[in-house]
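Q: give the three-dimensional model of this entry:
(one chain, ligands or ions: 2)
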Amino acid sequence: MFNKLSLKTGLLFFIFILIIESLLFFILYATLANDRVDSVMDNLLTRGNSHSAVLEDYYDETTIEHVARMEIASEYSVVITNGNGDIINSSNPVDQEMKDIMENMNDEAVVHKGEIIEGQWKQEKYIASNSPIIINENTAGHVFMFADTNSVKKLVGQLSNQFVFIFMITIVLTLITTFILSRFITLPLIRLKGATEQLSKGKRVELFTERRDELGELAKSIAELSNELEYLKTARNEFLGSISHELRTPLTYMKGYADIINRQDLPSDEIKEYTAIIREETEHLTKLIKNLFELAKMDHNKFSIVRKQIQFRGLIESIAHRINPVFAEKGITFSYQCPDDIFVNIDPDRFEQVLINVLDNALKYSSEGGSVYLDVHKSGKNTEITVSDQGDGIPEKDIPFLFDRLYRVEKSRSRNSGGTGLGLAISKEIVESHGGTIQLSSKPGKGTTVFIKLPLE
Ligand SMILES: Nc1ncnc2c1ncn2[C@@H]1O[C@H](COP(=O)(O)OP(=O)(O)OP(=O)(O)O)[C@@H](O)[C@H]1O
Ligand SMILES: [Mg+2]
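A: Numbers count the residues shown, from 1 in each chain. Ligands and ions are numbered 1, 2, ... in the order given. Below you'll find the predicted structure:
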C-alpha cells in the first residue's frame with residue numbers, strides 16, 4: 001500500500017507541517033500562559049493597592065482588622081506591616097518564605113502605587129506585591145499580598161493539558177491530510193512508472209487521464225511515445241524484411257549464373273554475358289549496401305553536415321557538367337535556370353548528392369526525347385529548387401511512400417534501372433538536416449516535379 005515515493009513526499013510534507021505547527025503552538029501557548037500569569041499578578045497588585053488606599057484614609061485598628069479578614073476567604077493572603085516593618089495583621093499565618101520576601105524587598109525602590117516584588121512563579125512558593133501605605137508623605141506601613149504559585153502552576157498546567165490534547169488531534173489530522181495528499185500526487189506518478197516499465201518491456205500502453213495539469217501532459221507524452229515506439233517497431237520489421245529481400249534477390253541471380261558458368265560446355269560469349277550480369281548485380285549490391293550504411297549513419301546522427309557559404313549557381317553548373325553526357329546518351333535534354341545572386345550556407349557535397357539523386361530519378365524514369373528542367377529562385381526567406389521531368393510519373397497512391405526507405409513504385413521497372421529505393425530517403429534526411437523540406441508531385445504519364453525548399457539563413 002505504501003510506496004517509496006508517497007512515503008517520502010508524505011514524510012517530508014508531514015515534517016514540515018509539524019515544525020510549523022509546533023512553532024505556532026509554542027508561540028500561542030507561551031503567550032496564553034504569560035497572559036494568565038500576568039492577570040494573576042495584576043489582580044494581586046490591584047487588590048493590594050486598593051487595600052493600601054483604604055488604609056491611607058482610615059489607618060486604625062478596625063480597618064486593618066477588616067482588610068485582613070477580607071482576604072481570609074480569598075485565594076490570596078494579605079500581610080500588613082507598620083512603618084518599622086513589624087507585622088501588625090495578616091489574613092493567614094505568615095510562613096518563613098513570606099518573611100523572606102518581605103525582608104528582601106527594597107524599600108526605596110517601591111513606588112507609591114505599589115509593585116510586584118516577587119514574580120518568579122516557577123521557582124518560588126509565592127508571588128507577591130507590595131503596596132506602601134503613605135500618610136502625610138511618610139510610609140506608615142505596607143500591604144503585602146501573596147498568591148500561592150501552586151494555583152498559578154495549576155492554571156498553566158491545565159492550559160498545557162489542553163494544548164497537548166489539541167496538538168494530538170492536529171497531528172492526527174495532519175497525518176491523514178498528508179496521507180491523502182501524497183497519494184493524490186504520487187498515485188498518477190506510480191501509474192506512469194508502471195506504464196513506462198511496460199514500455200521498456202516492449203508492450204504497448206494506453207494511458208487515459210482526465211487531468212489537465214503537468215501530470216496529465218506527462219501521461220499524454222508517454223502515450224505518444226508508446227505509439228511512436230510501436231510505429232518504429234513495425235517500420236523496423238518491415239525495413240529488415242525488405243532489406244533481406246533486396247539482398248537475397250541479387251544473390252540468387254549471382255548464384256544462378258555462377259552455376260550456369262560452371263557447366264563445362266558453355267560457349268565463351270555466353271560466359272561473358274553471364275559474368276557481365278554477375279558484375280552488374282555485384283555493383284547493385286555494393287550501391288545498396290553503401291546507401292544503407294549512409295542512412296544508418298544518419299539515424300545515429302553520426303553524419304555531420306559541414307556548411308560552407310557558396311554561390312548556388314556554381315554548384316548547379318558543376319552538376320550539369322557532370323550529368324550532361326549521361327542525359328545526352330539517353331537522348332534527354334537537360335536545362336537549368338539559376339540567378340547569380342543566390343548564396344547559401346550548405347554542405348555542398350551532401351547537397352550535390354540530393355540534386356544528383358533527384359536528377360538521376362528524372363533521367364531513369366524518363367524516356368528518350370524527354371526533357372528535364374531545373375529551376376532555382378528565391379522566394380521570401382527560402383531558396384526554392386524545382387526539378388521537373390516529362391517521364392512516366394507516379395501513381396497517386398504511391399506518392400505518400402516515396403520517401404520511405406526501399407520503397408519503389410514498380411519493383412521490376414526500377415530494378416531494371418538499378419534503383420535501390422533509397423535515393424529519396426537519403427535526400428530527405430539531408431534536406432531536413434539543412435532545415436529544409438522536400439516534396440514531390442506527379443501525374444502518371446505526364447511527369448514528375450520535385451520541390452526543395454531551403455532556408456536562406
Ligand atoms: N522522377 C520520377 N519519375 C518517376 N518515378 C519516380 C521519380 N522519382 C522517383 N520515382 C519513383 O520513386 C521510387 C523511389 O525513388 P528513389 O530515388 O528513392 O529510389 P530509386 O531511384 O528506385 O533507387 P536509388 O535512387 O536508390 O537508386 C523510384 O523507385 C521510382 O519508382
Ligand atoms: Mg533514385
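Q: drop to CA atoms for contacts and neighbour counts, all remaining ones
A: Fine.
Q: how about the helices of the stretch 151-300 of the chain, start to end?
A: Taking DSSP state H, counting those that start in this stretch to define them, one finds helices in the stretch 151-300 of the chain at 214-262, 268-299.
Q: okay, now residue 319: neighbour count?
A: Applying other C-alpha atoms under 10 Å, we find 16 other residues in the vicinity of residue 319.
Q: and what about it, helix, strand or coil?
A: On the three-state scheme (DSSP: H, G, I helix; E, B strand; the rest coil), residue 319 is labelled helix.
Q: so for it, what's the pLDDT?
A: Residue 319 carries a pLDDT value of 95.
Q: and it, what is it in contact with?
A: 352, 356 (C-alpha atoms under 8 Å, 6 or more residues apart in numbering).
Q: do you know how far it is from residue 113?
A: Noted for residue 319: a distance of 113 Å to residue 113, by C-alpha to C-alpha, to the nearest Å.
Q: and residue 98, by the same measure?
A: From residue 98 to residue 113 the distance is 21 Å (C-alpha to C-alpha).
Q: just checking, residue 68 touches residue 90?
A: Yes: under the criterion of C-alpha atoms under 8 Å, residue 68 makes contact with residue 90 at 5.3 Å.
Q: hey, what's in contact with both of those two?
A: What both residue 68 and residue 90 touch, as defined by C-alpha under 8 Å, 6+ apart, is the set 78, 79, 80.
Q: could you report the neighbour count for the closest residue to the first one other than its chain neighbours?
A: Nearest non-adjacent residue to residue 78, counting by C-alpha to C-alpha, 6 or more residues apart in numbering: residue 145, 4.6 Å away. Under the neighbour criterion other C-alpha under 10 Å, residue 145 is assigned a count of 31.
Q: in three-state terms, label residue 145 for me.
A: With three-state DSSP as the basis, the three-state label of residue 145 is strand.
Q: need the strands for the stretch 1-150 of the chain, in chain order.
A: 76-82, 87-90, 115-118, 126-135, 138-148 (DSSP state E, counting those that start in this stretch).
Q: distance to ligand 1 for those - can I get that in CSV?
A: Output for those, formatted as CSV (distance: least, C-alpha to the nearest ligand atom, whole Å):
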stretch, distance to ligand 1
strand 76-82, 107
strand 87-90, 118
strand 115-118, 102
strand 126-135, 102
strand 138-148, 104
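Q: go through those strands and find the least confident stretch.
A: strand 115-118 (a mean of 86).
Q: tell me the strands beside that one, with direction?
A: Strand pairing for strand 115-118, using DSSP bridges, gives strand 126-135 (antiparallel).
Q: mind listing the strands for the stretch 351-457 of the chain?
A: 371-379, 382-389, 437-443, 447-455.
Q: do you know which of these lies nearest residue 216?
A: For the strands of the stretch 351-457 of the chain, proximity to residue 216 was assessed by C-alpha to C-alpha; strand 437-443 is nearest, at 32.9 Å.
Q: buried sites along the closest one?
A: For strand 437-443, burial by neighbour count (16 or more other C-alpha atoms under 10 Å) applies to 437, 438, 440, 442.
Q: now the strands of the stretch 1-150 of the chain in JSON lines, with distance to residue 432?
A: Converted to JSON lines, those look like this (distance: least, C-alpha to C-alpha, whole Å):
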{"stretch": "strand 76-82", "distance to residue 432": "96"}
{"stretch": "strand 87-90", "distance to residue 432": "106"}
{"stretch": "strand 115-118", "distance to residue 432": "90"}
{"stretch": "strand 126-135", "distance to residue 432": "90"}
{"stretch": "strand 138-148", "distance to residue 432": "92"}
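Q: ligand 2 contacts on this protein?
A: Contact residues, the chain versus ligand 2 (C-alpha under 5 Å from the ion): 361, 423.
Q: quick one: low-confidence parts of the chain?
A: The model of the chain has pLDDT under 70 over residues 1-3, 106-111, 208, 301, 411-418.
Q: for it, longest helix please?
A: Assignment by DSSP state H gives helix 4-57 as the longest helix of the chain.
Q: hmm, back to that, and the strands of the stretch 351-457 of the chain: which comes nearest residue 138?
A: Across the strands of the stretch 351-457 of the chain, residue 138 has its closest neighbour in strand 447-455 (106.2 Å, C-alpha to C-alpha).
Q: now do that closest one against strand 371-379, angle only.
A: 30 degrees (axes from the mean of the first three to the mean of the last three C-alpha atoms, to 10 degrees).
Q: show residues contacting strand 447-455.
A: With C-alpha under 8 Å, 6+ apart as the criterion, strand 447-455 contacts 358, 362, 381-394, 431, 434-442.
Q: who does that strand pair up with?
A: Applying DSSP bridges to the sheet, strand 447-455 is found paired with strand 382-389 (antiparallel), strand 437-443 (antiparallel).
Q: give me the distance between it and the centre of its chain.
A: 40 Å (C-alpha atoms, centre = their mean, to the nearest Å).
Q: rewinding a little: can I get the strands of the stretch 351-457 of the chain in CSV with distance to residue 224?
A: What follows is these, written out as CSV (distance: least, C-alpha to C-alpha, whole Å):
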stretch, distance to residue 224
strand 371-379, 35
strand 382-389, 32
strand 437-443, 24
strand 447-455, 29
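Q: possible to save these as TSV with distance to ligand 1?
A: As requested, these are exported to TSV (distance: least, C-alpha to the nearest ligand atom, whole Å):
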stretch	distance to ligand 1
strand 371-379	9
strand 382-389	6
strand 437-443	8
strand 447-455	5
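Q: can I assume residue 79 is in contact with residue 68?
A: Yes: judged on C-alpha under 8 Å, residue 79 makes contact with residue 68 at a distance of 7.4 Å.
Q: between the two, what contacts are shared?
A: 89, 90, 91.
Q: am I right that residue 253 is in contact with residue 276?
A: No: Residue 253 is beyond contact range of residue 276, at 11.8 Å (criterion: C-alpha under 8 Å).
Q: relative to ligand 2, how far out is the most centrally placed residue in the chain?
A: Closest to where the C-alpha atoms of the chain average out (C-alpha atoms, centre = their mean) is residue 214, at 8.1 Å. Applying C-alpha to the ion, to the nearest Å, the value for residue 214 to ligand 2 is 45 Å.
Q: one more: residue 184?
A: 56 Å.
Q: again, but for residue 154
A: Residue 154 is 99 Å from ligand 2, by C-alpha to the ion.
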